[in-house]
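S.K.: sequence and predicted structure are below.
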Amino acid sequence: MNPIFYFAFLFALFFAQTQSLPTPDEVQVVKRAELTYQDCVERYGEGSFRYGCNVCTCLPAGGYKCTRVGCGY
């Protein structure tokens, strides 16, 4: 195999493993009646916040939405 193609293959394989988009089961919406948008902002602040292996944002309808980010696996 040509070394250039081999290097390109390894690079593409590495890139695909590290830059994959979240799958539907990795995106979750947490809805709690008692957690309004204002409660969420007061608790976690404006913008996004880390929650375990997730990055979450407060939703105007209440609750928050989390997307799984790299956690070593």
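M.R.: Right, received. Where do you want to start? All values reported here derive from a predicted model rather than from experimental measurement.
S.K.: now do the helices in the chain.
M.R.: Secondary structure of the chain, counting by DSSP state H: helices at 3-18, 37-44.
S.K.: in PDB, list the C-alpha atoms belonging to the last one.
M.R.: As requested, the backbone C-alpha atoms of helix 37-44 are provided in PDB (Å, rounded to 0.1, in the frame of the first residue of the first chain):
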ATOM      1  CA  TYR A  37     -36.000  28.400  33.000                       C
ATOM      2  CA  GLN A  38     -35.400  30.900  35.700                       C
ATOM      3  CA  ASP A  39     -34.700  28.200  38.300                       C
ATOM      4  CA  CYS A  40     -32.200  26.600  35.900                       C
ATOM      5  CA  VAL A  41     -30.400  29.900  35.200                       C
ATOM      6  CA  GLU A  42     -30.300  30.700  38.900                       C
ATOM      7  CA  ARG A  43     -28.900  27.200  39.700                       C
ATOM      8  CA  TYR A  44     -26.500  26.700  36.700                       C
END
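S.K.: just the buried positions in it, please.
M.R.: Along helix 37-44, these residues count as buried under the neighbour rule (16 or more other CB atoms under 10 Å): 40, 44. For every residue, glycine as well, the C-beta is placed using N, CA and C.
S.K.: and it, what does it pack against?
M.R.: For helix 37-44, the contact count by 3 or more CB pairs under 8 Å, 6 or more residues apart in numbering; DSSP states H and E identifies strand 54-58 as packing neighbours.
S.K.: got a list of what the closest residue to Cys40 other than its chain neighbours touches?
M.R.: Take Cys40 and drop its neighbours on the chain: the residue closest to it by CB to CB, 6 or more residues apart in numbering is Cys58, 3.7 Å away. Cys58 is in contact with 37, 40-41, 44, 64, counting by CB atoms under 8 Å, 6 or more residues apart in numbering.
S.K.: of all those residues, which two lie farthest apart?
M.R.: Distances among these were taken as CB to CB; the most separated pair is Tyr37 and Tyr44, at 10.9 Å.
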